[in-house]
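Undergrad: take a look and give me a structure for this.
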Amino acid sequence: MLPVIPYNFRETHLSGKNDSLNIGPPAVHKQCSLVCYQMPKTLLRVSVLFAVLATCGHPKAEAQVAQSSIEEQRSLRKEFQSLELFTSRQSSWIFPINVPPKVIWRDADAARKFGFAPGFDVRWFDSNLDEAKLPNKGGRWIALLEGTAPNKTTFRRALTFYAIPPQLDNSNVYIPDLTVHLPNFPGLDAPAAWREHQAEFDRSSKDFLVKSLMDHEQGAILVAGIAESPELGRPKQFPEWTASTNAQHHLNLKLKLMGGDKPQKLLEPPRKTLTPARIIRQGSTDESEVPPTAKSTIDTFCQEWAEATKEPFVTLVAKNGVIITHASFGSDSQGKSVDLDYRCWVASITKTMTAVLFSQFVDQGLIELDWTLDRVFPDYSTNESCVPTFRQLLNHTSGLSGHGEWGGMFNPYLENIVLNGLDVNEPGKKHEYCGLGFELAAKAMEIKTGKCAARIYQEHLFAPLGLQGIIMGNASSDGEFTAMELAVIGQWLANRGSYGEYQFISPKTFEELRPKMTGQPTVAGEHGLGLHQIRHRRTGTSKNPAEPNGLLFSENTFGHGSFSGCILVVDPDQQLVIVQVRKQFHAKDNEYWTRFFQVVADSIKKE
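TA: Numbering: from 1, shown residues only. Below you'll find the model as predicted:
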């Protein structure tokens, strides 16, 4: 049987073109492309035919062709999944009630390629989740789009709109001042020609803001949320922001259409323990079991680091729960020293938060790690080899790829977008670092609790830990934390799932989080759930894993890295927590980052 020739190979090489030859290493590509380009078309076609015939009966060659075909299908699925929906008229996300919006594809030609023109039905639901043929009153409206995707799975998307009430009492309407000032743009270091346009930048920003509100779904979400928001007499917390309340509306509709407005089993709060676990606190060097000079040694180095790189940060190091140092270093762009409450984007350390939260669902039996996703997502087929398990979502072996695509946990039907390309997925085949799995875990937690993800993080993780003000822009790469907040999570990890008077999970469940071999023969190395092994070594020692003497911390040390340079390192054997929060990481930081861990290790070591 002849192997299938991938679509791009047929199109490119049987036509005599040379722009995408995908055979052999890069050096061969160029050479082969030149040969193909110079061949007459008839000779080229004969050459290709012989090349294809040569693969017959050769398992490795046939496997390569099959894999190429799968990659082609994945590319097509991804193209469909990434198609965007929009409105046919400008500025119609916020619309007059007598002119309802029409939902279309942003790229109509690309949609038609997949048989979508538009290819879906639209159902409208008001703020009470009552269905109507078209919007017929002012307020929030959800448009639910349904159809069948090219891979024959269920197609679902949901969008938020806001209908302007038909009869407004103009005397009672608040009209905000939308003047926008951009004091940090173009910035003090900008060329004079840029700075001379400051007034124009400010005026243009006002125009951009008004147009964006009217011509983007986020504007409708913002207006609908504010219109419905009660006065609380205090600043709104992240779970009360309009994006979070919008997510709750969509989840409520999803559960209603699934036939169950309330979860069958609630996620219980953490259990109170008779013997409190360690917490992050002030204390003496005797309690932390470190030399009296530890703080000054670490602080001196961090001050040198901040002065050399001009990037401010906050460092917190604790042992036995006792703070060794908690100090800020450097100044912001305005020359103001940062304080201990400096809140920073922790990037991929967000994954650790999601895994920690998810572990409670595992501990209480709401979700099992080795369940496939169809056990929670009703549109998924059972007994399909392409469907990953929840464990695979969290240890990066799900077969999925990407970070932040399609809106993450705030996309009402993220799981259906994934489903529309899942038929070509190959879970358990390799380890590929991916944030999408954590976003899906968040969507599963929503269905199980009936709460939007922002509420679950706050009510079941942060609030019991005494933390307020944390922002979770998604479940994989967009959390914002202070050093103290990150240290509290670090101590939770050092305590194996407990903090203070609360036990969140059992030690047995905690062991599931720790890095270990996956048991999958094609996946090398040890991988945890939202955690990685940390192997910082003393300068000049062997990097051989079999020689642990060069390690700065114990063999059981774990944590997570961060694109922004934030640090979360936990050595449970020493009850040591090391965190640092910062906005950015520069090339010059690499030298200091490596030395930092050696300084910490040396400073806490008693003679």
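
Undergrad: pLDDT weak spots in the stretch 501-607 of the chain?
TA: 522-524, 541-548 (pLDDT under 70).

Undergrad: ok, which stretches of it are helices?
TA: Here the stretch 501-607 of the chain has its helices, by DSSP state H, counting those that start in this stretch, at 507-513, 589-603.

Undergrad: buried residues, the first one. List them.
TA: So that's helix 507-513. By neighbour count with 16 or more other Cβ atoms under 10 Å, helix 507-513 contains the buried residues Thr509, Phe510, Glu512, Leu513. No exception for glycine: its C-beta is placed from N, CA and C like everyone else's.

Undergrad: ok, now the longest one?
TA: Residues of helix 589-603 classed as buried under the neighbour-count rule (16+ other Cβ under 10 Å) are Asp589, Tyr592, Trp593, Phe596, Phe597, Val599, Val600, Ala601, Ser603.

Undergrad: quick one: which of those residues is nearest Lys113?
TA: Closest approach to Lys113 among the buried residues of helix 589-603 (Cβ to Cβ): Asp589, at 45.5 Å.

Undergrad: make JSON lines from the helices of the stretch 501-607 of the chain and add distance to Glu131 to it.
TA: Formatted as JSON lines, these follow (distance: least, Cβ to Cβ, whole Å):
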{"stretch": "helix 507-513", "distance to Glu131": "41"}
{"stretch": "helix 589-603", "distance to Glu131": "54"}
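
Undergrad: and those: which comes nearest Gly528?
TA: Nearest to Gly528 among the helices of the stretch 501-607 of the chain is helix 507-513; the distance by Cβ to Cβ comes to 5.8 Å.

Undergrad: residues in contact with the closest one?
TA: Helix 507-513 has contacts (Cβ atoms under 8 Å, 6 or more residues apart in numbering) with 355-356, 359, 362-363, 369, 493, 496-497, 528-531.

Undergrad: mind doing that once more with 7 Å?
TA: Ala355, Ser359, Val362, Asp363, Leu369, Arg496, Gly497, Gly528, Leu529, Gly530, Leu531 (Cβ atoms under 7 Å, 6 or more residues apart in numbering).

Undergrad: same deal with stretch 487-501?
TA: Counting by Cβ under 7 Å, 6+ apart, 272-273, 276-280, 316, 318, 321, 352-353, 356, 465, 467, 503-507, 509-510, 568, 570, 572, 575, 577, 579 sit against stretch 487-501.

Undergrad: hey, where'd the helices end up in the stretch 201-350 of the chain?
TA: 217-228, 242-258, 285-288, 294-309, 350-363.

Undergrad: just those helices: most buried one?
TA: helix 350-363 (a mean of 25; mean count of other Cβ atoms under 10 Å).

Undergrad: now that one - C-alpha only, CSV.
TA: Output of helix 350-363 as CSV, limited to C-alpha atoms (Å, rounded to 0.1, in the frame of the first residue of the first chain):
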residue,chain,number,x,y,z
THR,A,350,0.9,30.3,38.0
LYS,A,351,0.8,26.7,37.1
THR,A,352,1.9,25.7,40.6
MET,A,353,-1.1,27.6,42.0
THR,A,354,-3.5,25.7,39.7
ALA,A,355,-2.0,22.3,40.6
VAL,A,356,-2.2,23.1,44.3
LEU,A,357,-5.8,24.1,43.9
PHE,A,358,-6.6,21.0,41.8
SER,A,359,-5.1,18.7,44.4
GLN,A,360,-8.0,19.5,46.7
PHE,A,361,-10.4,18.1,44.1
VAL,A,362,-8.3,14.9,43.9
ASP,A,363,-8.0,14.6,47.7
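
Undergrad: hmm, who's touching it?
TA: Helix 350-363 has contacts (Cβ under 7 Å, 6+ apart) with 267, 367-369, 394, 435, 438, 441-442, 445, 448, 456-457, 460-461, 472, 475-479, 489, 492, 504-506, 509, 512-513, 529-531, 560, 568.

Undergrad: going through those residues, which ones are buried?
TA: Buried members of those, scored by 16+ other Cβ under 10 Å, are 267, 367, 369, 394, 435, 438, 441-442, 445, 448, 456-457, 460-461, 472, 475-479, 489, 492, 504-505, 509, 512-513, 529-531, 560, 568.

Undergrad: so what are the domain limits for this structure?
TA: What automatic domain parsing lists as the domains of the chain is 7-81, 85-172.

Undergrad: sorry, back to before: Ala163 is nearest to which of the helices of the stretch 501-607 of the chain?
TA: The closest of the helices of the stretch 501-607 of the chain to Ala163 is helix 507-513. By Cβ to Cβ, the value is 45.9 Å.

Undergrad: return the distance of the closest one from the chain's centre.
TA: How far helix 507-513 lies from its chain's middle: 23 Å, per Cα atoms, centre = their mean, to the nearest Å.

Undergrad: now stretch 518-527
TA: 23 Å.

Undergrad: quick check: end-to-end length of stretch 559-577?
TA: 10 Å (Cα to Cα, to the nearest Å).

Undergrad: give me the most central residue, this protein.
TA: By Cα atoms, centre = their mean, the mean C-alpha position of the chain lies nearest to Ser476, the distance being 2.6 Å.

Undergrad: give the contact list for the residue lying closest to that residue once chain neighbours are set aside.
TA: Excluding the flanking residues, the one nearest Ser476 by Cβ to Cβ, 6 or more residues apart in numbering is Gly435, at 3.1 Å. Counting by Cβ under 7 Å, 6+ apart, Gly435 touches Lys351, Gly402, His403, Gly404, Ser476, Ser477.

Undergrad: out of these, which sit inside helices?
TA: Mapping the contacts of Gly435 onto helices (DSSP state H) picks out Lys351.
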